[in-house]
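1. Below is the structure, and that's it, no one-letter string:
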């Protein structure tokens, strides 16, 4: 089988070297030769010996090359990547990609074109790097009804929250973000990661596989971590929780929840133990119960491993539906105001008698019950109140917060973080 690689950055170079170093083992497992016919890249990679490789600076030459059976798209982005993939499909080539944005935003069009052309599109590396979560849901749990999927699927946000949570750290978001950028874990413009867009792309794909629904990126509720403070980290710890940035897809009687946001997770839960730049995805299903998949979510080696697994699937002759099901069943996506969960609230108040009673009355009026409460000593006439609520409809929680913030004794905006209810 003849492959063409487009893009020789971190993942592309990792794939090139993985194929070179493990070629004998890979070919033993598939029972046929894997030939690298051509590489399309803007510039050579210093870690790759391309002396005996057909290299072109025009990636569309790879898409049009009759000696390429499988095009591996590793250039990133959406516009050029989409044109490249569609051109390759029109020429009868299978596609392997690590491009989560391409799949989340244009997957329906790409898959439709692939079906008409009689080729397949594989994308294991687009979600959670080296963790084989797509295959696990699509194949390993194929006999189950999936009830929910939840995961830490962005290493940058997990690194930042981990460092902010280290004992005695008391570090701000901005401080740790600067460190993440210096270490290469965050881009110069970190918006894509820290505001949850990257995780939302990945959850869009996972939800489509798990629940057999169309790709719904535009319906995703997305919230980042830039508003998380050292105080939130400290108070969550006192209440027995840590804060993680989760992607959550859950089927309920009212519809499908699709949400990415900071979440309080109890310290004894498995996801609470996932630190640094590592990723983890938990899946709840009727027969297998709760299972967790843990590993490196990015990097040359882990991501190249997933890309190679897809190439091997094609080489073995496996032709699975692109999203792991035959038909896409439309389903209602719940607006974030319609979900039910518990909440963490933090607010500043004037240190005077009756303030806590007023806050409690407002919450009660909106059917919000208090599960736990922390009130810190006054500082310059102000006090901090932290509340953990029982489960309530989010619209009622938001109405209560609006009324609390209008109270003259409240000196700050209310910080609200959802609590894991998986």
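-> Perfect, thanks for sending it. The structure displayed is predicted, hence computed values, not measured ones.
2. backbone phi and psi for the residue lying closest to residue 333 once chain neighbours are set aside, please?
-> Closest residue in space to residue 333, ignoring its immediate chain neighbours: residue 219 at 4.1 Å, by C-beta to C-beta, 6 or more residues apart in numbering. Where you see a C-beta, it was placed from the backbone N, CA and C, and this is true even at glycine. When read as degrees, to the nearest 10, the backbone of residue 219 gives phi -90, psi 0.
3. So residue 219 sits against residue 258, correct?
-> Yes - using C-beta atoms under 8 Å, residue 219 is in contact with residue 258, at 6.0 Å.
4. Need the overlap of contacts for these two.
-> residue 333 (C-beta atoms under 8 Å, 6 or more residues apart in numbering).
5. between these two, who's got more neighbours?
-> Under the criterion of other C-beta atoms under 10 Å, the comparison of residue 219 against residue 258 puts residue 258 first, with 25 against 16.
6. a strand runs through the more buried one, doesn't it?
-> Yes - assignment of residue 258 by DSSP: H, G, I helix; E, B strand; the rest coil places it within a strand.
7. Would you confirm that it contacts residue 215?
-> No - Residue 258 lies out of contact with residue 215 (C-beta under 8 Å); the separation is 10.6 Å.
8. Identify the contacts common to the two.
-> Common neighbours of residue 258 and residue 215 (C-beta under 8 Å, 6+ apart) are residue 204.
9. how is this protein carved up into domains?
-> 2-126, 133-296, 337-419 (automatic domain parsing).
10. who's in contact with the nearest residue to residue 345 once chain neighbours are set aside?
-> Ranked by C-beta to C-beta, 6+ apart and with sequence neighbours excluded, the top spatial neighbour of residue 345 is residue 387, at 4.5 Å. Listed by C-beta under 8 Å, 6+ apart, the contact set of residue 387 reads 343-346, 359, 363, 370, 372-373.
11. Any stretches of the stretch 301-422 of the chain with poor pLDDT?
-> 318-331, 377-381 (pLDDT under 70).
12. all strands for it, in order.
-> For the stretch 301-422 of the chain, applying DSSP state E, counting those that start in this stretch gives strands covering 340-350, 370-375, 382-389, 392-393, 415-419.
13. How about the stretch 1-150 of the chain?
-> Under DSSP E, counting those that start in this stretch, the stretch 1-150 of the chain gives strands at 2-6, 35-40, 55-56, 70-73, 94-97, 121-122, 146-152.
14. Nearest to residue 177, out of the ones you listed?
-> strand 146-152 (17.3 Å; C-beta to C-beta).
15. Run me through the strand neighbours of that closest one, direction for each.
-> Each strand paired with strand 146-152, and its direction, by DSSP bridges: strand 241-252 (antiparallel), strand 278-285 (antiparallel).
16. what would these look like in CSV with mean pLDDT?
-> Output for the strands paired with strand 146-152, formatted as CSV (pLDDT from 0 to 100):
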stretch, mean pLDDT
strand 241-252, 96
strand 278-285, 97
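17. okay if I get the ones you listed as JSON lines plus distance to residue 23 and mean neighbour count?
-> JSON lines is the format used below for the strands paired with strand 146-152 (distance: least, C-beta to C-beta, whole Å; neighbours: other C-beta atoms under 10 Å):
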{"stretch": "strand 241-252", "distance to residue 23": "36", "mean neighbour count": "23"}
{"stretch": "strand 278-285", "distance to residue 23": "28", "mean neighbour count": "22"}
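18. Just send the ones you listed back as JSON lines, with distance to residue 76 too.
-> As requested, those are exported to JSON lines (distance: least, C-beta to C-beta, whole Å):
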{"stretch": "strand 241-252", "distance to residue 76": "20"}
{"stretch": "strand 278-285", "distance to residue 76": "18"}
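19. Looking at the ones you listed, spot the one closest to residue 140.
-> Where the strands paired with strand 146-152 are weighed against each other on C-beta to C-beta, the nearest is strand 278-285, at 9.4 Å.
20. just how off-centre is that closest one within its chain?
-> Here strand 278-285 is found 11 Å from its chain centre; the criterion is C-alpha atoms, centre = their mean, to the nearest Å.
21. So which residues make contact with it?
-> Here strand 278-285 has contacts from 128-129, 131, 133, 136-137, 141, 144-155, 158, 206, 210, 270-271, 274, 290-298, 422, using C-beta under 8 Å, 6+ apart.
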